[in-house]
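**Student:** I would like to see how this sequence folds:
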Amino acid sequence: MTDDADGALIVSLINAVSAQPDDVPLRLHLALLLVNADRTDEAVAHIAAVLQREPDNAAARDLMSRALTLTVDRPTREETSQDDTLAAYEQELADVVPPRFAPASEHHDKVTGDDDNLFDVERPRVTLADVGGLVEVKQRLELAFLAPLRNPQLRGLYGKSLRGGLLLYGPPGCGKTFLARAIAGELRARFVSVSLTDVLDMWLGNSERNLRELFQAARRNTPCVMFLDEVDALGLKRTQTASTGMRTTINQLLAELDGMQGDNDGLFVLAATNAPWDVDPALHRPGRLDRTMLVLPPDAPARAAILRYHLRERPIAQIDLDALVAATEHWSGADLEHLCDSAAEYAMHDSITTGHVRMIEQKDFRNALRDLRPSTGPWLETARNVAMFANTDGQYDDLAAYLRHRKLL
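**Tutor:** Take a look at the predicted model:
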């Protein structure tokens, strides 16, 4: 059979597997063709899907071992050959064809204007359905943002505007950024992510200009979700900073949130922080970040979903997911990702040491669990002090309830 015929057959089988994802023999046949066509990365993903359905499938295990062995052996040869060939061509044609990469330069000219490329405006494909667990958080989001958008007539009847902001806070690594992207995807809105480096500038007035241009870009793309990451650094309490430049930057942020120089209707501002107690109180006034939501470490269904996600394309066998979920209570999403990476490292090290490529097994996770600890502990200690001594206005009642549930308060 010719290469073109092989390629056509593979395309047909890919379409068939998409229509019948649970057809194990069909998926395994596709994986075999992909291995023979030296498309091992794609083959591994399909074999892993087979093993998730039938962990004891001997044909799948053998094919996985073959695919992983090819994957280990192939890159060094191909990459070295390709690099040498490109280097030879580049040297031979240096007088005619310019080099592929320009020399390093310390000076970069910014592109400005309405059609600039300074800010990435994207359309996220994830939705709240892709967020595991967090039922209460989703319900509050439905009330604050999603229901008014889906019901414009009722929105007009009740005089509900499409402006406002929401502050997400909680331990680091619990998915606040992913949740913000999912909200934008749920709204079918564009998404603009803003970090501290996008705003702050060493020259006087440039930080305020950067903020203004960011908000203008978001307003041009409404409906739009603007995400302010680590907002405690950008909107630090003005009583805690002696920098005049930082104070004026915070003032500019407050003005943009008020929409004094532009219409913010259709612009949803989401902010995330690990330290809401450091955020300037003026940011919490109505029309700004006037709602606050606690994003906690994932519950059991969410942990199961996160672990499945990070194992979806890895070669696994006989993994006791329920045991992993039970052993990782109070772990953040980032902790769970690190757990999967560590288990993979143990399996890979064993494969290199023994010379026999094998899949990731439960014993690798037991070894990783022995070495790792959840990263939420230090944050909870700080949060405990805030809930005990700085919650006079009830702002952190939900945090206090969580700490009492865990018997930390």
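**Student:** all helices for the stretch 251-400 of the chain, in order.
**Tutor:** Secondary structure of the stretch 251-400 of the chain (DSSP state H, counting those that start in this stretch): helices at 300-311, 321-327, 333-354, 362-371, 377-389, 397-405.
**Student:** what about residue 20, how many neighbours?
**Tutor:** 11 (other C-beta atoms under 10 Å). Where C-beta positions appear, they are placed from N, C-alpha and C, glycine not excepted.
**Student:** and for it, nearest residue in space, chain neighbours not counted?
**Tutor:** Nearest residue to residue 20, sequence neighbours excluded (C-beta to C-beta, 6 or more residues apart in numbering): residue 26, at 6.3 Å.
**Student:** and the next helix or strand past the lowest-mean-pLDDT helix or strand in the chain?
**Tutor:** None of the helices or strands of the chain scores lower by mean pLDDT, DSSP states H and E than helix 58-92, at a mean of 61. Sequence order places strand 121-122 as the next helix or strand after helix 58-92, per DSSP states H and E.
**Student:** tell me the strands beside that next one, with direction?
**Tutor:** The pairing partners recorded for strand 121-122 under DSSP bridges are strand 190-194 (antiparallel).
**Student:** as a whole number, average confidence for the partner strand?
**Tutor:** Averaged across strand 190-194, the pLDDT comes to 87.
**Student:** contacting residues around that strand?
**Tutor:** Residues outside strand 190-194 that contact it (C-beta atoms under 8 Å, 6 or more residues apart in numbering) are 119-124, 177, 180-181, 184-185, 214, 217-218, 221-229, 234.
**Student:** and residue 282, what does it touch?
**Tutor:** By C-beta under 8 Å, 6+ apart, the contact list for residue 282 reads 238, 250, 254, 288.
**Student:** go again with 7 Å.
**Tutor:** Residue 282 sits next to residue 254 when contact means C-beta atoms under 7 Å, 6 or more residues apart in numbering.
**Student:** ok, residue 246 next?
**Tutor:** residue 236.
**Student:** just the pLDDT at it, thanks.
**Tutor:** Reading off the confidence values, residue 246 has pLDDT 79.
**Student:** the one 5 residues further on too?
**Tutor:** The predicted structure scores residue 251 at 87 on the pLDDT scale.
**Student:** phi, psi for residue 126 please.
**Tutor:** Note on residue 126: its backbone torsions stand at phi -80, psi 150 [degrees, to the nearest 10].
**Student:** work out for me the element residue 167 sits within.
**Tutor:** strand 164-169.
**Student:** tell me what that strand is packed against?
**Tutor:** strand 267-273, strand 291-294 (3 or more C-beta pairs under 7 Å, 6 or more residues apart in numbering; DSSP states H and E).
**Student:** out of those, which gets nearest to residue 42?
**Tutor:** Nearest of those to residue 42, taken as C-beta to C-beta: strand 267-273 at 35.2 Å.
**Student:** need the CA coordinates for that closest one. PDB is fine.
**Tutor:** Extracted in PDB, the C-alpha atoms of strand 267-273 (Å, rounded to 0.1, in the frame of the first residue of the first chain):
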ATOM      1  CA  LEU A 267     -17.000  44.800  30.000                       C
ATOM      2  CA  PHE A 268     -16.700  42.300  32.900                       C
ATOM      3  CA  VAL A 269     -13.700  42.800  35.100                       C
ATOM      4  CA  LEU A 270     -12.500  39.700  37.000                       C
ATOM      5  CA  ALA A 271      -9.600  39.900  39.300                       C
ATOM      6  CA  ALA A 272      -7.600  37.300  41.200                       C
ATOM      7  CA  THR A 273      -5.500  37.500  44.300                       C
END
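**Student:** what is the burial count for residue 307?
**Tutor:** Applying other C-beta under 10 Å, we find 23 residues neighbouring residue 307.
**Student:** my read is that it contacts residue 324, right?
**Tutor:** Yes. Counting by C-beta atoms under 7 Å, residue 324 is a contact partner of residue 307 at 5.9 Å.
**Student:** show me the shaky parts of the stretch 51-200 of the chain.
**Tutor:** Under the criterion pLDDT under 70, the flagged ranges of the stretch 51-200 of the chain are 68-120, 133, 144-145, 161-164.
**Student:** if you set the cut-off to 80 instead, what comes out?
**Tutor:** Within the stretch 51-200 of the chain, the stretches with pLDDT under 80 are 51-53, 55-56, 65-123, 129-164, 187.
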